[in-house]
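[1] Provide a 3D model corresponding to the input given below.
(chains A and B)
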Amino acid sequence: MTTKNKLLMLVLSISFIITSCGKDPLEPNNLVPATVDQDLSIPAIEVNGTRLHLETFGDSTKPVMIFLHGGPGTGDYRAFGRMLDEYDGYKLTDEYFVIMYDQRGAGLSRRYGTIDEAYNHSISELTLANYLKDLEEIVDHFSPDKKVILFGHSWGGMHAIMYVNAHPDKVAGVILSEPGSFNAKIENELVLDIASTDLFDEATNDIYWNHQNISPDDHQMLDYSYMNGFYNGLGPTYYHFSETDILPVFRFGAIASINDLGPDGMTPDGTYTFDFTTNLDKFKTKVLFINGDLNEVLTPEYQEKNRAYLPNSEIKIIKGVGHDLIWIKPGEHVKLIKEYLDEVL
Amino acid sequence: MKKIYIISILILLIALQIRAQEETGRSGILNANEQSIGLATGIDYSILPLKLTYKRGFNIFNYKFPVNVGTDITIPIFKFDLNDIRIRLITETTIFRKKNFEIRGGIDPMFINVKMETETMSSLGADFHIFTGFTNDKWNAGLDINYNQIFTTYVKHTDKFDEAVFEAQDGWYKLTAANIRLGVLVNRTLGNFDLYVNAGISKTGKFNDYLFVPSMYGLIGVNYRF
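    Sure, this is the predicted structure:
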């Protein structure tokens, strides 16, 4: 064998040894947790042709309270974990049957779509109609005959209002913690105020650089890369998340986040078209808004635009907290929820 | 990390000792016995990184064209530190030449490190690159295709990641990344200087767009021959 061939054999052998060793990055629970499709022991429900990560807490004979997390894709129900704790001798499960679930494409629920489809907001499974249908079937499953209570944070607040708009007669009470916009008119004005990614930022450059180490091709790697971005400084600063008590997730849903409201909520170029206010005047029950005072975008003043569609509403301000108020100030939330529900139920 | 730097410097010193033999006189590639140092910046998995290059031309195995061997070190310059770094051992030679048409290529073993608040990653991989186009003693211009494959990556997560998400598995992971670049390369030789522009699209190995950042690259640089 010539020296050249020996060298070639050596290079090939080393390459083979290197690539044979090491864990598979796509294997569940290596870099990201398994989803309900990858681990059937995770609590889940089958609704509307999908499989969602869902848990219930408390006595099923009590009134049903459903929690809707933020996003789409950038949050899941782990963020509500502290709201199940006891505060001043009171727990929500003392009076309510609490249901928390990860929306499709988020948390540990089923994944859909590709990054190219997501950039065009065109994923046919991740639509407003499907987000609504999932919730409708969950309500029908757990509370077919009685009205439910909805709690929504951020996009979850929009989700709650979408349901109220569709079924004003099925909702006994609504609590909205820093909700997003109720219709495209408000949201499109809001978008103009939000800064886009800063290419000259250290965090952006770290994420760019890391594309050499991690290719965001599969849902596992996409979600992992997204988490890296979010927790390394690409999370929006105007929301004023705590840097010491970090808002946790089970797992980000990168595709759901980029897809945003999907093809029935926005155009491929990102202009919003949704409207959850067409039937809101049918809902007469008082609605509770909760807001922090640090958020620079979803401010109490901004919420007045949403509240214009719900004249029978009240807003409570929690001091010294940003958009992670559900995680940082859970006790205050539980207290406000109890006071509100004692009044409207 | 220190070991990697020391090994890179040793390879550089060894490369300097290998005897070069022949000259060919083409723009963008060193003749045997020529050396160059250079710097470049632009968009290269970072905005305005600093890329430093050293190359030398050799005759190896009596191959009829000179083989360029060297190293380049690229550092993102935002919040400058050596935890974010890429070191490549670069090789390039002419594979085919007919008059002014030429195909050049090479395989560049590389080490990439990134340190973030949630984890540190250290990767070993290789760049496979092909240039095809027009060349003479003053110019070379043509298509540049580059495929890089990471063979193995060591990932070490921080407490922040464990608390915010879950206790991900630290350790070695195989085949975590691949990227493909399709672009143009234009080089102009002026005296002892090679000025070049290299730009195009940059996608994942499965030809998907990047997350958050533009799927493109673009470098402008200069090499000094001596």
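[2] Over to the residue in chain A that chain B sits nearest to: give its phi and psi.
    Of all residues in chain A, A:Gly22 sits closest to chain B, at 3.8 Å by C-beta to the nearest C-beta. Placement of C-beta: from N, CA and C, glycine included. Per-residue torsions, A:Gly22: phi 100, psi 160 (degrees, to the nearest 10).
[3] got a list of what it touches?
    Counting by C-beta atoms under 8 Å, 6 or more residues apart in numbering or on different chains, A:Gly22 makes contact with B:Thr152, B:Thr153, B:Gly171, B:Trp172, B:Tyr173, B:Lys174.
[4] What helices and strands are in contact with the helix or strand harbouring B:Ile112?
    Element membership for B:Ile112 (DSSP states H and E) is strand B:101-115. Contacting strand B:101-115 under the criterion 3 or more C-beta pairs under 8 Å, 6 or more residues apart in numbering or on different chains; DSSP states H and E are the following elements: helix A:202-210, strand B:85-98, strand B:119-135, strand B:139-157.
[5] Buried ones in it, by neighbour count?
    Residues B:Glu102, B:Arg104, B:Gly105, B:Gly106, B:Asp108, B:Pro109, B:Met110, B:Phe111, B:Ile112, B:Asn113, B:Val114, B:Lys115 are the ones in strand B:101-115 that count as buried (16 or more other C-beta atoms under 10 Å in any protein chain shown).
[6] What strands flank it, and is each parallel or antiparallel?
    strand B:85-98 (antiparallel), strand B:119-135 (antiparallel) (DSSP bridges).
[7] Turn those strands into JSON lines, including mean pLDDT and mean neighbour count.
    Formatted as JSON lines, those follow (pLDDT from 0 to 100; neighbours: other C-beta atoms under 10 Å in any protein chain shown):
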{"stretch": "strand B:85-98", "mean pLDDT": "95", "mean neighbour count": "18"}
{"stretch": "strand B:119-135", "mean pLDDT": "96", "mean neighbour count": "20"}
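[8] Select, out of those strands, the one closest to B:Leu39.
    strand B:85-98 (14.3 Å; C-beta to C-beta).
[9] if we can go back for a sec, if we only consider the buried residues of strand B:101-115, which is nearest to B:Gly28?
    B:Arg104 (8.0 Å).
[10] Please list all residues in contact with B:Tyr54.
    Counted by C-beta under 8 Å, 6+ apart, B:Tyr54 has contacts B:Leu12, B:Gln35, B:Ser36, B:Ile37, B:Gly38, B:Gly70, B:Thr71, B:Asp72.
[11] ok, the second one - contacts?
    Put plainly, it is B:Gln35. By C-beta under 8 Å, 6+ apart, the contact set of B:Gln35 is B:Leu16, B:Tyr54, B:Lys55, B:Arg56, B:Gly57, B:Arg225, B:Phe226.
[12] confidence score at residue 117?
    All of this refers to chain A. You'll see A:Glu117 listed with a pLDDT of 94.
[13] wait, chain B
    For B:Glu117, the predicted pLDDT is 88.
[14] just B:Leu82 next, same as before
    Reported pLDDT for B:Leu82: 82.
[15] Same question for A:Asp206.
    pLDDT, A:Asp206: 80.
[16] got a list of what the residue nearest the centre of chain B touches?
    For chain B, the residue nearest the mean C-alpha position is B:Arg88 (5.5 Å; C-alpha atoms, centre = their mean). Residues near B:Arg88 by C-beta under 8 Å, 6+ apart: B:Thr71, B:Asp72, B:Ile73, B:Thr74, B:Asp108, B:Pro109, B:Met110, B:Phe111, B:Asp127.
[17] mind running it again at 6 Å?
    Listed by C-beta atoms under 6 Å, 6 or more residues apart in numbering or on different chains, the contact set of B:Arg88 reads B:Asp72, B:Asp108, B:Met110.
[18] and which of those is nearest A:Glu136?
    Nearest to A:Glu136 out of the contacts of B:Arg88 is B:Met110 (C-beta to C-beta; 52.2 Å).
[19] my guess is that closest one contacts B:Gly125, does it?
    Yes. With contact defined as C-beta atoms under 6 Å, B:Met110 reaches B:Gly125; the gap is 5.5 Å.
[20] Can you tell me the SS state at A:Asp116?
    helix (DSSP: H, G, I helix; E, B strand; the rest coil).
[21] Relative to A:Thr50, how far out is it?
    Note on A:Asp116: its distance to A:Thr50, by C-beta to C-beta, to the nearest Å, is 22 Å.
[22] Get me the contact residues on chain B for chain A.
    Contact residues, chain B versus chain A (C-beta under 6 Å from any C-beta of the partner chain): B:45-47, B:61, B:76, B:78-79, B:84, B:112, B:114, B:116-118, B:121, B:123, B:151-153, B:164-166, B:168-169, B:172-174, B:176-178, B:204, B:206, B:208-213.
[23] if we can go back for a sec, I'd like the buried residues of strand B:101-115 as JSON lines, with distance to A:Leu26 appended.
    Shown next, in JSON lines, are these (distance: C-beta to C-beta, whole Å):
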{"residue": "B:Glu102", "distance to A:Leu26": "40"}
{"residue": "B:Arg104", "distance to A:Leu26": "35"}
{"residue": "B:Gly105", "distance to A:Leu26": "31"}
{"residue": "B:Gly106", "distance to A:Leu26": "30"}
{"residue": "B:Asp108", "distance to A:Leu26": "26"}
{"residue": "B:Pro109", "distance to A:Leu26": "25"}
{"residue": "B:Met110", "distance to A:Leu26": "23"}
{"residue": "B:Phe111", "distance to A:Leu26": "23"}
{"residue": "B:Ile112", "distance to A:Leu26": "20"}
{"residue": "B:Asn113", "distance to A:Leu26": "23"}
{"residue": "B:Val114", "distance to A:Leu26": "20"}
{"residue": "B:Lys115", "distance to A:Leu26": "24"}
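[24] Spatially, which two of those are the most separated?
    Farthest pair in the buried residues of strand B:101-115 (C-beta to C-beta) is B:Glu102 and B:Lys115. Separation: 40.0 Å.
[25] Let me see the contact set for residue 128.
    By default, I'm working from chain A. A:Leu261, A:Asp264, A:Gly265.
[26] my bad, chain B
    Contacts of B:Phe128 by C-beta under 6 Å, 6+ apart are B:Ile107, B:Tyr147.
[27] Now A:Gly75: closest residue in space, sequence neighbours ignored.
    The shortest distance from A:Gly75 to any non-neighbouring residue, by C-beta to C-beta, 6 or more residues apart in numbering or on different chains, is to A:His69 (4.6 Å).
[28] and that neighbour, what does it touch?
    A:Gly75, A:Asp76, A:Tyr77, A:Ala79, A:Gly156.
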